[in-house]
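In: One predicted model, sequence on top.
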Amino acid sequence: MEKQIPLSVPNLDIEIVDNLRECIETGWVSTGGRFIAEFEQKVAKYVGIDDAVSAQSGTAGLHVALRILGVKSGDEVIVPALTFIAAVNPVKYLGAEPVFMDCDDSLCMDADKLERFCQEECSFDGTKLINKKTGRAVKAVVVVHIFGNLANMEKIMDVAHQFGLKVLEDATEALGSYFKEGRYKGKFSGTIADMGVYSFNANKIITTGGGGMIVSQNQQYLDQARYLTITAKGTSPEEALFFIHGEVGYNYRMLNLQAALGVSQMDKLEQFIETKVMNHNKYKEELKNAEGIQLLPFKQDIRSNHWFYSLYIDNERFGEGRDELMYRLLENGIQCRPVWKLICTLDPYIGSQSYEIEKAVDYADHILNVPCSTSLSVEDVKYVCDRIKNR
Ligand SMILES: *Cc1c(COP(=O)(O)O)cnc(C)c1O
């Protein structure tokens with residue numbers, strides 16, 4: 001059997017079993033238990049804020065956050081066309097409609113187009129931004145920090161303030177990324193806009209099997225998030241005892257079992273980022289003379305977590321199409337994936353409005369994501385690159 005190299009797999013310490021054993025021995029396996037608060041505090045401290053609220057998944061976190069930011073049925077939310085569908089679905093869960101936006105060369109939302117859309121396609125009366133085409137109110141923007149890069153937050157926040165929009169950072173792929181320069185110097189992904197969300201799904205930089213975390217600088221938002229994720233049950237002794245629920249909430253709180261993995265994984269995060277950076281550099285070195293293949297860089301003015309590695313395949317210059325290359329690597333035991341299909345081209349979103357989607361179309365056709373697990377050695381990277389180059 002040939003060597004198998006997975007795309008992105010968890011890197012778990014066997015010592016985690018001690019934490020799980022504690023959960024099982026004490027019976028704290030559900031949405032109560034010491035690891036939940038400990039994990040929330042650990043994440044908050046790491047990203048430099050006071051508090052954080054755990055969730056069952058990143059998707060659940062995004063759903064709750066959008067609701068807290070005031071998105072309601074009939075509203076519109078500006079979202080990226082090039083992203084994972086979980087960044088967009090919560091808009092629909094709330095009965096709102098997405099408007100799809102293009103990306104720039106960082107693969108994140110094009111802030112200039114966002115501004116142009118607000119200026120030219122909408123009317124603004126000082127409080128409400130109305131989409132001229134649909135007559136609906138545009139309430140919020142979901143910004144995704146794709147693959148660990150960071151979006152142009154200065155411009156996006158300026159546009160948002162100018163047009164009264166709330167901003168939700170989908171930082172599910174970018175835990176650990178922060179700005180090194182500019183207005184947001186030292187600020188971590190997720191902590192810049194109104195709210196932010198991380199994910200601990202199995203393929204993310206750290207994992208709890210599945211899970212998410214809601215962050216914000218606004219404690220009221222976080223209090224609301226904590227309330228909504230426990231079925232909006234009151235927390236006073238009497239409210240708790242008599243099942244007094246003040247709203248239609250969700251059963252979205254993280255399990256102690258998940259958090260037990262999380263507290264241990266957080267200790268590894270910086271080490272994982274180091275490995276990710278090292279392996280990305282190795283890809284760069286190995287592929288620097290490969291005609292028609294470009295390893296997409298991360299921005300220079302940020303400390304990126306280097307979560308996912310993307311190759312841009314110029315079919316003609318490389319002499320093999322992106323999909324052909326992918327199938328060839330798969331046959332060789334090297335797991336790789338095309339970047340997502342544009343969400344605006346998928347059945348559930350086919351009728352939604354899109355604004356000048358251009359770059360995203362090109363990237364969607366040419367990007368191949370290649371193995372990036374933190375268990376990958378530099379020899380593994382060389383092996384992958386040799387297979388890429390030697391047809
Ligand atoms: C992983 C991911 C999510 C969702 O996270 P889950 O924890 O799997 O629900 C949302 N948005 C993006 C961009 C992601 O990559």
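Out: Good, I have the coordinates. Just so you know, these numbers come straight off a predicted model, no measurement behind them.
In: Show me the strands in the stretch 201-350 of the chain, by range?
Out: For the stretch 201-350 of the chain, the strands defined by DSSP state E, counting those that start in this stretch cover 212-215, 293-295, 302-303, 309-313, 337-338.
In: Which residue, other than its chain neighbours, is closest to the residue in the stretch 51-200 of the chain that the ligand sits nearest to?
Out: Relative to the ligand, the nearest point of the stretch 51-200 of the chain is residue 58 (2.7 Å; C-beta to the nearest ligand atom). Bear in mind the C-beta positions are built from the backbone N, C-alpha and C, glycine included. In space, and not counting its chain neighbours, residue 58 is closest to residue 199: 2.9 Å by C-beta to C-beta, 6 or more residues apart in numbering.
In: helix/strand/coil for residue 138?
Out: Assigned with DSSP: H, G, I helix; E, B strand; the rest coil, residue 138 falls in the strand class.
In: That one: neighbouring residues, count only.
Out: Using other C-beta atoms under 10 Å, residue 138 has 25 other residues around it.
In: Dig out what it forms beta bridges with.
Out: On the basis of DSSP bridges, residue 138 is bridged to residue 76.
In: and it, what does it touch?
Out: 75-78, 99, 118, 122, 129-131, 163, 165 (C-beta atoms under 8 Å, 6 or more residues apart in numbering).
In: got JSON lines for the residues you listed, with distance to the ligand, pLDDT and neighbour count too?
Out: Listed next are those as JSON lines, based on distance: C-beta to the nearest ligand atom, whole Å; pLDDT from 0 to 100; neighbours: other C-beta atoms under 10 Å:
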{"residue": "75", "distance to the ligand": "20", "pLDDT": "98", "neighbour count": "19"}
{"residue": "76", "distance to the ligand": "19", "pLDDT": "98", "neighbour count": "23"}
{"residue": "77", "distance to the ligand": "14", "pLDDT": "98", "neighbour count": "24"}
{"residue": "78", "distance to the ligand": "15", "pLDDT": "98", "neighbour count": "29"}
{"residue": "99", "distance to the ligand": "17", "pLDDT": "98", "neighbour count": "24"}
{"residue": "118", "distance to the ligand": "23", "pLDDT": "98", "neighbour count": "22"}
{"residue": "122", "distance to the ligand": "25", "pLDDT": "98", "neighbour count": "20"}
{"residue": "129", "distance to the ligand": "24", "pLDDT": "98", "neighbour count": "23"}
{"residue": "130", "distance to the ligand": "28", "pLDDT": "98", "neighbour count": "16"}
{"residue": "131", "distance to the ligand": "24", "pLDDT": "98", "neighbour count": "20"}
{"residue": "163", "distance to the ligand": "24", "pLDDT": "98", "neighbour count": "20"}
{"residue": "165", "distance to the ligand": "19", "pLDDT": "98", "neighbour count": "22"}
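In: Mind checking which of these land in strands?
Out: Judged by DSSP state E, the subset of the contacts of residue 138 located in strands is 76-78, 99, 122, 129-131.
In: which among these gets closest to residue 148?
Out: For these, the residue nearest residue 148 by C-beta to C-beta is residue 78; the value is 21.9 Å.
In: I'd say that closest one and residue 140 touch.
Out: Yes - counting by C-beta atoms under 8 Å, residue 78 does reach residue 140; the two are 7.3 Å apart.
In: Sketch out the low-pLDDT regions of the chain for me.
Out: 1 (pLDDT under 70).
In: now what about the longest helix seen in it, what contacts it?
Out: Ranked by residue count, the top helix of the chain under DSSP state H comes out as helix 269-287. Here helix 269-287 makes contact (C-beta under 8 Å, 6+ apart) with 11, 46, 148, 175-176, 205-206, 293-295, 298, 305-307, 309, 311, 370, 372, 374, 376, 378, 381-382, 384-386, 388-389.
In: and the chain, which residues reach the ligand?
Out: Counting by C-beta under 6 Å from any ligand atom, the residues of the chain close to the ligand are 57-59, 83-84, 86-87, 144, 170, 172-173, 199, 201, 210, 212.
In: most neighbours, which of those residues?
Out: residue 170 (32 neighbours).
In: Now do the contacts for the nearest residue to that residue once chain neighbours are set aside.
Out: Among residues not flanking residue 170 along the chain, residue 144 sits closest, at 4.2 Å (C-beta to C-beta, 6+ apart). Contacts for residue 144 (C-beta under 8 Å, 6+ apart) come out as 80, 83-84, 87, 108-109, 151, 170, 172-173.
In: just residue 22 next, same as before
Out: Contacts of residue 22 by C-beta under 8 Å, 6+ apart are 28, 260.
In: Which members of the contacts of residue 144 are positioned in strands?
Out: Per DSSP E, these map to strands at 80, 170.
In: Quickly name whichever of the contacts of residue 144 is closest to residue 256.
Out: Once C-beta to C-beta is applied, the member of these that ends up nearest residue 256 is residue 172, at 21.7 Å.
In: My read is that that closest one contacts residue 203, right?
Out: No - counting by C-beta under 8 Å, residue 172 does not reach residue 203; the two are 10.4 Å apart.
In: So residue 18 belongs to a strand, correct?
Out: No - checked against three-state DSSP, residue 18 lies outside a strand; its state is helix.
In: which ones are touching the closest residue to residue 117 other than its chain neighbours?
Out: Distance criterion C-beta to C-beta, 6+ apart; nearest residue to residue 117, sequence neighbours excluded, is residue 355 at 4.9 Å. Residue 355 makes contact with 99-102, 113, 117, 121, according to C-beta under 8 Å, 6+ apart.
In: Same check on residue 261?
Out: Taking C-beta under 8 Å, 6+ apart as the test, what residue 261 contacts is 12, 16, 19-20, 200, 207-209.
In: Same list, these, but as JSON lines with distance to residue 222 and neighbour count please.
Out: Output for the contacts of residue 261, formatted as JSON lines (distance: C-beta to C-beta, whole Å; neighbours: other C-beta atoms under 10 Å):
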{"residue": "12", "distance to residue 222": "28", "neighbour count": "17"}
{"residue": "16", "distance to residue 222": "27", "neighbour count": "15"}
{"residue": "19", "distance to residue 222": "25", "neighbour count": "21"}
{"residue": "20", "distance to residue 222": "27", "neighbour count": "16"}
{"residue": "200", "distance to residue 222": "18", "neighbour count": "30"}
{"residue": "207", "distance to residue 222": "23", "neighbour count": "20"}
{"residue": "208", "distance to residue 222": "19", "neighbour count": "30"}
{"residue": "209", "distance to residue 222": "23", "neighbour count": "14"}
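In: Nice, that's everything, thank you.
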